[in-house]
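> no sequence on hand, only this structure:
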Ligand SMILES: NC(=O)c1ccc[n+]([C@@H]2O[C@H](COP(=O)([O-])OP(=O)(O)OC[C@H]3O[C@@H](n4cnc5c(N)ncnc54)[C@H](O)[C@@H]3O)[C@@H](O)[C@H]2O)c1
């Protein structure tokens, strides 16, 4: 059921790779709620062509390539989006993450630092880069809303989440620091949503992901939040109903973050005794 929560709003969605991507569900939901969108991803990801199906389903949304580590690409994306919409955007979703160390199975105690720099650049510094350009180009309208997706490994240790945990901590810090600046300048609000483990291309790259997702399910009193649930939540954050929320890391995890233990987990432990 749609509520027209984003009627008349215009936004840019980063990171829809395929129909498993959290950004894919968010794009669909934003469109369903009345928004016009521009879609973007790294040129290499666009070559797969999957995104064209999404663009078609979202009112023939323009697809503009941008590698988030490139200033020129992001500048071009913002310029083209402003031209397309005839003015500033109301919302932006940053749903981007990548770790070559994880892909190559390098453990946290044996990182390749070239890869680590790349992880930080793609998964965290890109958020500052995007916000700085938007700030300088005045690309986000007053009371606009920017959301980036993150994970609880920024606060607690999940050993196999590797250096991505550090990238997420930086992402959340940038959210606070830039959130302050942009609120002062233009009342633009900036938040991170800390999502449950979700079966996606990036998610499945985490070692032991299947065991972990089932552990999280048992540890969350509401169960794991799905990508569709995340899309609903992001719609509220892009809407005018959450205007005074900024600089926050918002847990969207079925209660996982504040649960110590559950009967289901204890039962599982007793079975293995
Ligand atoms: N899946 C999970 O369990 C989970 C949980 C919490 C948070 N998140 C976060 O959600 C976000 C989206 O991930 P997802 O799980 O939907 O996986 P996904 O693989 O579908 O999305 C990751 C996206 O990042 C894009 N990307 C990578 N390098 C890029 C670059 N240089 N320039 C532009 N785009 C680039 C990829 O093309 C892809 O579209 C990530 O920030 C991830 O850390 C995921």
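Cool, the structure landed. The structure presented is a predicted model; accordingly, all values stated were derived computationally and were not measured. Residues are numbered from 1 along each chain as shown.
> wouldn't residue 6 be in contact with residue 37 here?
No - if you go by CB atoms under 8 Å, residue 6 and residue 37 don't touch, sitting 9.3 Å apart. For every residue, glycine as well, the C-beta is placed using N, CA and C.
> the more surrounded of those two?
The residue with more neighbours, out of residue 6 and residue 37, is residue 37; 28 against 25, by other CB atoms under 10 Å.
> interface residues of the stretch 101-250 of the chain facing the ligand?
Contacts of the stretch 101-250 of the chain with the ligand, taken as CB under 6 Å from any ligand atom, map to 122, 149-151, 195, 197-198, 200-203.
> shared neighbours of residue 6 and residue 37, which are they?
Residues touching both residue 6 and residue 37 by CB atoms under 8 Å, 6 or more residues apart in numbering: residue 30.
> doesn't residue 255 make contact with residue 220?
Yes - with contact defined as CB under 8 Å, residue 220 reaches residue 255; the gap is 5.3 Å.
> hmm, back to that, narrow the residues of the stretch 101-250 of the chain next to the ligand to those in helices?
Among these, the ones falling in helices (DSSP state H) are 201-203.
> picking that back up, who's more crowded, residue 220 and residue 255?
Neighbours per residue, other CB under 10 Å: of residue 220 and residue 255, the larger number sits with residue 220, 21 against 15.
> list the contacts of the more buried one.
196, 253-256, 259.
> of those, just the buried ones, ChimeraX syntax please.
Filtering the contacts of residue 220 down to the buried ones (16 or more other CB atoms under 10 Å) takes a single ChimeraX command:
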select :196,253,254,256,259
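> ok, which stretches of the stretch 51-200 of the chain are helices?
Here the stretch 51-200 of the chain has its helices, by DSSP state H, counting those that start in this stretch, at 51-57, 71-85, 100-103, 113-120, 126-137, 164-186.
> could you dump these to TSV with distance to residue 94, mean neighbour count and mean pLDDT?
Output for the helices of the stretch 51-200 of the chain, formatted as TSV (distance: least, CB to CB, whole Å; neighbours: other CB atoms under 10 Å; pLDDT from 0 to 100):
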stretch	distance to residue 94	mean neighbour count	mean pLDDT
helix 51-57	16	17	97
helix 71-85	11	17	98
helix 100-103	19	18	95
helix 113-120	14	16	98
helix 126-137	5	19	98
helix 164-186	8	19	98
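> adding distance to residue 247, write these out as a markdown table.
Listed next are the helices of the stretch 51-200 of the chain as a markdown table, based on distance: least, CB to CB, whole Å:
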| stretch | distance to residue 247 |
| --- | --- |
| helix 51-57 | 30 |
| helix 71-85 | 22 |
| helix 100-103 | 28 |
| helix 113-120 | 21 |
| helix 126-137 | 12 |
| helix 164-186 | 4 |
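> what is the burial count for residue 143?
The number of residues near residue 143, taken as other CB under 10 Å, comes to 14.
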